[in-house]
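> with the sequence up front, the predicted model follows.
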Amino acid sequence: LNQCRTTKIKLCLILTKAAVHIKATHKTQHLNSEQAAVWGWARCARLEFPQIKFICIDIDENATKLDIKQIVNAEANSLDGETEIAWRKNKRFVLRLVNNPLLKNISPFDISIKFRGSTQGIEIKPISEGVFISLNDINTVHCRCLACSINFRDVLNLMGRYPGDAGMLGSDFAGVITKSTSRFKLGQRVFGIANGSLKAFCETKEDFIAPMPKGISFEEAATTPVVFCTVIASLKQIAKLQPGETILIHSCCGGVGLAAIQLAQFTGSKVVTTVGNEEKIQYLRRMGIRNISTSRNAEAFAEYMLKIGEIDVVLNALVGKYIEFSLNALKHRGRFVEIGKNDTTSALSVLKCRKDIKYCKFALDLKMKENSKWFCQILNTLKLNLQTGCSFPLPMLNFHAFATKIAFSKLQFGNNIGKTIIVNKI
């Protein structure tokens, strides 16, 4: 082929036998996998040598020598622009992209927990229409969930490690209204939080959703509600983060961490982070973050913090010695906000170590249940931030609903940067 760069060869016919499937009525019984690979090679060759026309011709496994001769002569004289051709029983087939009739009746999916302790406990069922369990509340809205973000809370729920009742899988989502209310119209695009939003249809309180900001997709909108509302409440309302202050954000490449970076940078605060691997370190460096330590070695983290000096605010989701070392790094009257859901320390034990600091354990799900109007204000603040460019959707990895088990596995082992989105569109 290297010689082809300097020769005048213009045409290369590649003959294979039983290398490709044709539509069901002419399906080859036994595919030749070795020859099938040649078609892939030819596609690469077309890119490397655009001056040569590579034409793949696949013949029937029962073709005679006379059949082959006639087919080759016909294709050599035809040159109608087709590059991948198959002959079956004297009929010529070429590649065309068409709608799959088998997909016409595919319905959206309901995703729920069949048993806990493993990702295999996820049950994925197609449904034909929305089925609602009414909240018996005039402020209830019905939604078709088109994109849903899965959070670490969902992983703990699936594994049976969530402290208390976590409810159904899924919380933040984006979709459309399926039943008009006084505040929302049929078909209106919305985003927000609904327990069980991994189902195709869900219902939630009017205060828990807001109109989607213009210019973003359903998938992008679904990356924002839980993490940004958590960060706005934690850093603005509780810690009252100020320009010039230093904030330590643990596990910084998850959804909350990246949202916290956005808010801290917009505020004008200095950011110190922890992450778990080199890929995430490089990602943060591209964001302009320079102070990065490890979330895998507490002693190495403590040593690093001695070089950084005292900090003003900690946003924590780690456990064990990280809590102690983070407390040690806080200034006098520093603020420590705990958002972890599992194996967290108690306020009493913290105050024994540092009576001079402000400590708060914050859980968005509990707070919004206590005060739905408060959450409505937070969500609308987020909407305004997204519209004005003060905040922007997080990086995401999208999975179709039928790949939910794979999505949970990646999130379970921390192999994600940003958000993991389940797309539940037809």
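Here it is on my side, so go on. Residues are numbered from 1 along each chain as shown.

> quick one, phi/psi of the nearest residue to A401 once chain neighbours are set aside?
In this structure, A401 finds its nearest non-sequential neighbour in F109, 4.0 Å apart by CB to CB, 6 or more residues apart in numbering. The C-beta positions use only the backbone N, C-alpha and C, and glycine is treated the same way. Note on F109: backbone dihedrals following degrees, to the nearest 10 are phi -120, psi 150.

> how near is F392 to I193?
Spatial separation of F392 from I193 under the definition CB to CB, to the nearest Å is 19 Å.

> the more surrounded of those two?
Set side by side, F392 and I193 show unequal neighbour counts under other CB atoms under 10 Å, the larger going to I193 at 24 against 13.

> the more buried one contacts A174, doesn't it?
No - the criterion here is CB atoms under 8 Å, and I193 misses it with A174 at 10.8 Å.

> I'd like the next helix or strand past the worst-scoring helix or strand of the chain on mean pLDDT.
Taking mean pLDDT, DSSP states H and E as the measure, the helix or strand of the chain with the lowest value is helix 347-353, at a mean of 68. For helix 347-353, the succeeding helix or strand toward the C-terminus, using DSSP states H and E, is strand 358-361.

> for that next one, packing partners?
Packed against strand 358-361, as judged by 3 or more CB pairs under 8 Å, 6 or more residues apart in numbering; DSSP states H and E, are the following elements: strand 330-338, helix 347-353.

> please identify the most buried of these.
Highest mean neighbour count among the helices and strands packed on strand 358-361 (mean count of other CB atoms under 10 Å): strand 330-338, with a mean of 19.

> so what does it touch, helix or strand wise?
With 3+ CB pairs under 8 Å, 6+ apart as the test, strand 330-338 has strand 311-316, strand 358-361 packed against it.

> got the angle for the first one vs strand 330-338?
This means strand 311-316. The directions of strand 311-316 and strand 330-338 differ by 20 degrees, with axes from the mean of the first three to the mean of the last three CA atoms, to 10 degrees as the criterion.

> paired strands for strand 311-316, with orientation please.
Using DSSP bridges, the strands paired with strand 311-316 are strand 246-249 (parallel), strand 330-338 (parallel).

> what does the shortest one contact?
Just to be clear, that refers to strand 246-249. Contact with strand 246-249 is made by 235, 239, 241, 257, 260-261, 264, 269-274, 305, 308-316, 326, 329, as judged by CB atoms under 8 Å, 6 or more residues apart in numbering.

> quick one: secondary structure of I422?
Assigned by DSSP: H, G, I helix; E, B strand; the rest coil, the conformation of I422 is strand.

> skipping adjacent residues, who's closest to it in space?
Counting by CB to CB, 6+ apart, I422 lies nearest to C148, which is 4.8 Å off, once chain neighbours are set aside.

> doesn't that neighbour belong to a strand?
Yes - read with three-state DSSP, C148 is one of the residues of a strand.

> which residues does it contact?
Contact criterion CB under 8 Å, 6+ apart gives 170, 172-174, 197-198, 222, 421-422, 424 as the residues in contact with C148.

> tell me which of those residues is nearest to Q51?
Looking at these and their distance to Q51, the nearest is I421, at 42.8 Å (CB to CB).
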